[in-house]
Each structure stands twice: as C-alpha cells, then as structure tokens.
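Visitor: Next one to model:
(one chain, ligands or ions: 1)
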Amino acid sequence: MSTPAIELDRLDHRYHMHSFTHLSEFEQQRSVVIERGDGVFLIDAAGNRYLDAMSSLWCTTLGYSETRLADAAYEQLSKLPYSHTFRGRSNEKLIQLAQRLIEIAPEGLSKVFFAGSGSEANESAIKLAWSYHKFKGYPEKRKIISRSNGYHGSTIFATRLSGMPQMYEYTSADFPEIIYAKSPGYFSSEVQGESEDEFSERLADDLEQQILSEGSNTVAAFIAEPVMGVGGVIVPPKSYFEKIQAVLNRYGVLFIADEVVCGFGRTGNMFGSTTFNIKPDLLTVAKGLSSAYFPISAVFLKSEIYQTLVDATTQTGVFSHGFTYSGHPVGAAIALETLSIIEERGIVDHVSRVGEIFQCEIHKLREFESIENTRGIGLMAGFEVIPKRSDSEVHAGNLLMDIAERNRLFIRAVGNTIVLAPPLIISVDEINELIKRLKLSIDEMQRTIA
Ligand SMILES: Cc1ncc(COP(=O)(O)O)c(C=O)c1O
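Guide: Just a heads-up that it's a prediction; the model follows:
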C-alpha cells in the first residue's frame, strides 16, 4: 500500500535534506512529491498533472515514459548489474557506447572517458587539461578561464568554476587558479548601439588582455557552455565563439566545451559545438546522454591529449583517475538505447522543427509589459520578468514560478530570469499547452504585482 501524500510530505520534511532549496523557507512549505511521469507530464502524489517545461533539470530529454530505456536497464541489470573500468577492465555496452559516441562526436575528438555526473565530467576535464600541459612540459599552465553566469556543477572546484557568486557561500577560500571572463549576454551589453560582431570582438579582446595580464604561460584552459543554461539561457551573439577560439589558439589555451545541457539535441544539432562552430579540445556531456534515466556522464578528448597521457604513464605508472561508476554497464546500456531512439525517431530534426514554433511563441511574450529579453534556440529559452511596481520585496521570478506551479506548469526562475527547456519529444500541441499555461501565469503575476 502506498504512503498517503500528506504523510510523504511530513516524512520528507523530517528526514530529507534537499538540494538547492531555501532550507528555512522550506520548513513552511510543502514538498512536491512526484509519483510518476507520463510523456512530458509529471504527476504528483496528490494526482496533479504538471507539464514539465524544464525536463526536470534540463535532463529528461526523452520524457518520462520511454519503456525502451526501462527495458534496456532491466536487461542489463539481469545480465551484469555492475562492472568497473580500472586496470583495463571493460564491458560490452560501454565499449559499444564509446564507439557510438566517437562516431557522432564533433570532429577531432577520438576518445571518451566516463563518469557519473556533469560535475565529475567537468572536474575530470580540468584534470586532463592540467595533466596534458604538465606532461607536454608546461606544468605552470594551471589557470582555468570560466565566465560569469556560467554553470559547471556543484562539487568544490566545479562550484568555483561556475560564475555564480551566490553559490560560493558554501565553499571556503578563493581559488586563485580560476579566472572569470565576461558573460556573452549581448542583450545586457553595457555599450549602447554596439553590433553583435562588435560586442564579440570586444569580449575576445578582453579575453586576450586577461590571458596576457595573467601570463599566457599560466593559462591552461577555457571552459564554456555553448549556450549558458542555468545562467539564463544566454545564446552567444554572432561570431562570438569563432573570435574567442582564435584568441585561445594563439596562446595554447585548451577549449573545454561543457555540453552537459546542450549535448544530444537541445540546440537543434546533436552538439552545441556544431551549432556555434566550436572546435573543442575536450567536451563534457551528461543529462541527455541517458535522458537522465541513469546518472552517467562523459568527457570526450582529442587524440593528442590522450596520447600525451599514454606517454606520461611510461614514467608515472597508472593514470590515477576514475570513479567507481565510470563506465557503469547499466548506464551504458541506457545511454546506448537513448542514442538509438534519438537517431531512429529523428529527435534532433524534430527539435530544430518544433524549436522554431517554440521560439516564435516565446518571442511573442514581449507583448506582456513585464517580460523582456526573450531569447533562445532549439528547445531552450529564457526571458526576464521585470516587476513594474518599484517594490524590492517582490521577487517577480519566484512569484511567476510559484504561480506557474499552481497552474500545473514547471518552469525555473534564476533571480528574475525564467528559463525553459522542455523534453525534446514535446509535440506542437504540447508546446501550445505550455504557452497557454505560461501566459495565464504571467497574466496572473501581473495582476498580483500591479
Ligand atoms: C552546463 C552544466 N554543467 C554541469 C552541470 C553539473 O551537472 P551535475 O549536476 O550532473 O553534476 C550542470 C547541471 O545543471 C550544467 O547545467
């Protein structure tokens, strides 16, 4: 017999510590206990049916009812529920997955390393970048350039890589090895009348100055999401990455593309690097790799980086990095099936097709007096909610998120920025339903703060 909703709420408050939650406010709030999923919908323990316009955390790209993924998990669990990758051990599914991933990877990436989460993948990429430079004879190349508003995870180094100072309260000292470049938010440019190209040029010049003033011999890598997700769906302006990459190439700084959100179709191409013409040296993925049906992530690397580490181990012995769950056979089986579904159902083409309708509807939200800077690409979008009342007590983003939840729509507020990233399988009818619930919620929010 299942536990009644009210009792689950009580037990959740009593025993569970939540992630990214205002812990003191939560004591007065109810838990949203999700019981099951159905396509792009989530159903809570009280039977309410929410349209999930966030794919939970940008991750359930194939929605919540993909029985092929459940079957792949069951089959693998029944055959080999676990095996590891230390000391050359391997398993069939992970080998097949590695091959598939390299076949579809952006040009030049020829090996793949597995981990369990986006944070682990990014931390691994940093270690690989450091090791590469060290064994190439440049051990002083240690600094990592990240960007304000970027998000790269929640482990200690990844927290600091994220250009979101509100997250730093829970880590200790500064990390002198991390430098922050400017966010590519063209719509919030401080220079009036600048074209997109001029803006990109200015940011590339600034980056070059940063590298030079730090000492180019000390800079190891630049890490960037092709489209910033958590930071507010910030789509880079024209020529931004080409110009940035030209600067990095001049100073031997590696490009780490964090595709934890963009990878596997979100921007309308298999990878955001393709959409924005990025040629990464290292590339990280997670979330959409298994449509979040299992925690699995990966780092793709160029052969030159891999070969440097191969050569290094002739002096150092074992390459001492990896995780218990690197290359987990169940995760690999699910990821492999996810890739098959993406391919067979033409999910990437679907995103670029319905993405146009979605973006068009998002841009129309400017008709509301409280909505500004609508933007997006593929099936990710963002906009700012501007409270017209000069009342600093009103947190318009949170207010809209709460109202939307009452209207059975899950969206996410990051300050006064709202972000949306529905499952990639969303249909046009469901997009219309999403927009209907969103408009209703904006209207209600405007009346609340009028
Ligand atoms: C771009 C990006 N990188 C890394 C991460 C961290 O992934 P995880 O939470 O799996 O560690 C996230 C999570 O949202 C992300 O959006």
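Visitor: If you count neighbours, what's buried in the helix or strand harbouring E343?
Guide: E343 is located in helix 329-344, with elements delineated by DSSP states H and E. Across helix 329-344, burial judged by 16 or more other Cβ atoms under 10 Å covers 329-339, 341-342. Any C-beta I mention is one placed from the backbone N, CA and C, and that applies to glycine too.
Visitor: One more: stretch 208-228?
Guide: Within stretch 208-228, the residues scored as buried using 16+ other Cβ under 10 Å are 208, 210-211, 219-228.
Visitor: Show me these that map onto helices.
Guide: Here DSSP state H is the test, and the buried residues of stretch 208-228 give E208, Q210, I211 as lying in helices.
Visitor: Between those residues, which sits nearest the ligand?
Guide: Q210 (21.6 Å; Cβ to the nearest ligand atom).
Visitor: residues contacting the closest one?
Guide: Q210 makes contacts with I145, I179, A181, as judged by Cβ atoms under 8 Å, 6 or more residues apart in numbering.
Visitor: again with E194
Guide: E194 touches R202, counting by Cβ under 8 Å, 6+ apart.
Visitor: same thing with the one 10 residues further on?
Guide: Listed by Cβ under 8 Å, 6+ apart, the contact set of A204 reads Y240, K243, I244, A246, V247.
Visitor: Which one (most neighbours) among these?
Guide: In terms of neighbours by other Cβ atoms under 10 Å, these top out with I244 at 25 neighbours.
Visitor: Verify the stated contact: that one with L203.
Guide: Yes. With contact defined as Cβ atoms under 8 Å, I244 reaches L203; the gap is 7.1 Å.
Visitor: picking that back up, in PyMOL, how would I select the buried members of the contacts of Q210?
Guide: To isolate the buried subset of the contacts of Q210 in PyMOL, counting by 16+ other Cβ under 10 Å, use the following:
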select buried, resi 145+179+181
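Visitor: got a markdown table for the contacts of Q210, with pLDDT too?
Guide: Below are these laid out as a markdown table (pLDDT from 0 to 100):
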| residue | pLDDT |
| --- | --- |
| I145 | 98 |
| I179 | 95 |
| A181 | 97 |
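Visitor: Which of the contacts of Q210 fall within strands?
Guide: I145, I179, A181 (DSSP state E).
Visitor: how about a markdown table for these, with distance to the ligand added?
Guide: Formatted as a markdown table, the ones in strands among the contacts of Q210 follow (distance: Cβ to the nearest ligand atom, whole Å):
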| residue | distance to the ligand |
| --- | --- |
| I145 | 16 |
| I179 | 18 |
| A181 | 16 |
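Visitor: can you redo the residues you listed as a markdown table with distance to A121?
Guide: Conversion of the ones in strands among the contacts of Q210 to a markdown table gives the following (distance: Cβ to Cβ, whole Å):
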| residue | distance to A121 |
| --- | --- |
| I145 | 18 |
| I179 | 21 |
| A181 | 21 |
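Visitor: Residues contacting stretch 227-235, please?
Guide: For stretch 227-235, contacts defined as Cβ under 8 Å, 6+ apart pick out 58, 147, 149-151, 162-164, 183-185, 225, 236, 261-262, 266-267, 272, 276, 375-377, 380-382, 414, 417, 419-421.
Visitor: Near the ligand, list only the ones from those residues.
Guide: Among the contacts of stretch 227-235, proximity to the ligand is found for W58, Y151, E225, V261 (Cβ under 6 Å from any ligand atom).
Visitor: closest point of the stretch 301-450 of the chain to the ligand, which residue?
Guide: A421 (9.8 Å).
Visitor: mind checking pLDDT for that residue?
Guide: Note on A421: pLDDT of 98.
Visitor: Then I6?
Guide: 90.
Visitor: The host helix or strand of it packs against which elements?
Guide: Element membership of I6 [criterion: DSSP H and E] is helix 5-15. The contact analysis (3 or more Cβ pairs under 8 Å, 6 or more residues apart in numbering; DSSP states H and E) places helix 5-15 against no helix or strand.
Visitor: helices or strands up against whichever helix or strand comes after that helix?
Guide: Downstream of helix 5-15, the next assigned helix or strand under DSSP H and E is helix 23-26. Using 3+ Cβ pairs under 8 Å, 6+ apart as the contact test, no helix or strand touches helix 23-26.
Visitor: how's this protein carved up into domains?
Guide: What automatic domain parsing lists as the domains of the chain is 32-65+346-449, 68-344.
Visitor: looking at those, which is closest to I6?
Guide: Across these, I6 has its closest neighbour in domain 32-65+346-449 (8.7 Å, Cβ to Cβ).
Visitor: residues touching V354, list them.
Guide: L379, I426, S427, V428, I431.
Visitor: How about the secondary structure of it?
Guide: Classification of V354 using DSSP: H, G, I helix; E, B strand; the rest coil returns helix.
Visitor: That one and L254, how far apart?
Guide: Using Cβ to Cβ, to the nearest Å, we find V354 at a distance of 35 Å from L254.
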